[in-house]
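Peer 1: everything below, folded, please.
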Amino acid sequence: MNETYWTKTLLVTYNYLETIAGAIDKITLKTALNSFDYSKINLVKNNVYSISNKLIDLADRKITLINLKILIEDVLKNIPIKDAVFLINRYFDRMKCKDLADKHGICVRSVFRRLTIAERNFDKKLKAKGFNDKKLNDMLKNERWILNFYESIKNNKEEDLNISSSMLERVAAL
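Peer 2: From the prediction side, this is the model:
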């Protein structure tokens, strides 16, 4: 059976990548501005080495998220357009299956069949680009929120395709 756990994970998390990247920018700015506080309490905490490491870690996180966004968009551009449209409607626009059926003039059962085909095509193209399970795990090792979402999809706990705003705040603060 061709599992599409990464496909679903990437498509669900896509909408949040810019939000998290923006939050990382704010944290970077705050970290940089706070580095000028040289009181005795902050002298150890805010030494050049620790601040530099934190800024580098934040920049690395942002680069990873930008690369992930580009990867998802590239894969979508390289699968059949009808598959890409279906995936965009379902995952980016958060359309329910009934709404997809109405929009495309097909029955709900056909929506499930077409989504399965589209997800498999996305997965095949993702793997053809060299992004297998190991590579994605390595790439996203510092993005626990994405790996946790992957695990929940893998364990059939994908009832909700949305991530709460409180979780987004916690993710950005990591």
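Peer 1: only C-alpha atoms from now on, for both contacts and neighbour counts.
Peer 2: Fine.
Peer 1: output the lowest mean pLDDT helix or strand found in the chain.
Peer 2: Lowest by mean pLDDT, DSSP states H and E among the helices and strands of the chain is helix 40-45, with a mean of 53.
Peer 1: chain center to the helix or strand containing Thr19: distance?
Peer 2: In the assignment (DSSP states H and E), Thr19 maps to helix 5-34. How far helix 5-34 lies from its chain's middle: 8 Å, per C-alpha atoms, centre = their mean, to the nearest Å.
Peer 1: and stretch 111-119, by the same measure?
Peer 2: The chain centre lies 21 Å from the centre of stretch 111-119; the measure is C-alpha atoms, centre = their mean.
Peer 1: any idea where the helices of the protein begin and end?
Peer 2: Using DSSP state H, the helices of the chain run over 5-34, 40-45, 48-77, 81-87, 97-104, 108-128, 133-139, 144-154, 165-173.
Peer 1: what about the third one, average pLDDT?
Peer 2: Averaged across helix 48-77, the pLDDT comes to 92.
Peer 1: show me what that helix is packed against.
Peer 2: Counting contacts by 3 or more C-alpha pairs under 8 Å, 6 or more residues apart in numbering; DSSP states H and E, helix 48-77 is packed against helix 5-34, helix 108-128.
Peer 1: go on, the fifth one?
Peer 2: Packing contacts for helix 97-104, counted by 3+ C-alpha pairs under 8 Å, 6+ apart, involve helix 108-128.
Peer 1: buried residues in the helix it packs on?
Peer 2: Neighbour counts over helix 108-128 (16 or more other C-alpha atoms under 10 Å) mark 108, 111, 114-116, 118-126 as buried.
Peer 1: ok, residues contacting it?
Peer 2: Under the contact criterion C-alpha atoms under 8 Å, 6 or more residues apart in numbering, helix 108-128 has outside partners 2-4, 6-8, 75-76, 78-79, 83-84, 86-87, 97-98, 100-101, 132.
Peer 1: filter the residues you listed down to the buried ones, PyMOL style.
Peer 2: To isolate the buried subset of those in PyMOL, counting by 16+ other C-alpha under 10 Å, use the following:
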select buried, resi 4+6+7+8+75+76+79+83+84+86+87+97+100+101
